[in-house]
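A.B. asks: Starting from these lines, generate the structure:
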Amino acid sequence: MKKGDENDPKGLIFEAYRIEGITPAECRSVFLDWALSLPVEQDTGVVLRALIARYQPGFPDHPMTAVMSEGLTGMAAPRRRGGWRSRPRN
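C.D. replies: Below is the predicted model of the structure:
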């Protein structure tokens with residue numbers, strides 16, 4: 001596996017798997033940094049599926065695997081929060 005490719009431009013996910021004892025909270029921070037580094041036009045769901053397929057077989061219990069899986073399921077069910085349309089009209 002090489003560091004820095006189209007699915008992980010800065011190698012953040014790659015490095016997270018190399019950090020021994022990394023916590024879920026730290027993985028979430030890395031995940032956010034990773035997501036912000038992707039080009040806007042890139043389909044995040046496709047990229048996440050590719051990264052999970054790459055890392056899950058060797059690291060099924062790693063917290064980064066869990067965070068990426070949560071990110072994928074969280075994307076499938078977006079929730080609207082607030083806004084003027086959600087407020088009741090009198």
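A.B. asks: any weak-confidence spans in this protein?
C.D. replies: Counting by pLDDT under 70, the ranges of the chain that qualify are 1-3, 75-90.
A.B. asks: any chance you could map the helices in it?
C.D. replies: For the chain, the helices defined by DSSP state H cover 12-18, 24-37, 44-55, 63-76.
A.B. asks: report the angle between the axes of the third one and helix 24-37?
C.D. replies: Think helix 44-55. Counting by axes from the mean of the first three to the mean of the last three CA atoms, to 10 degrees, helix 44-55 points 130 degrees away from the direction of helix 24-37.
A.B. asks: buried stuff in stretch 30-46?
C.D. replies: Residues of stretch 30-46 classed as buried: Val30, Phe31, Trp34, Leu38 (neighbour count, 16 or more other CB atoms under 10 Å). Every residue, glycine included, has its C-beta placed from N, CA and C.
A.B. asks: Could you say which of the helices of the chain is packed most deeply?
C.D. replies: Among the helices of the chain, helix 12-18 has the highest mean neighbour count (mean count of other CB atoms under 10 Å), at a mean of 19.
A.B. asks: Contacts for that helix, please.
C.D. replies: Outside helix 12-18, the residues that touch it by CB atoms under 8 Å, 6 or more residues apart in numbering are 1, 3-4, 7-8, 22, 26-27, 30-31, 33-34, 37, 51, 55, 59, 62, 64, 68.
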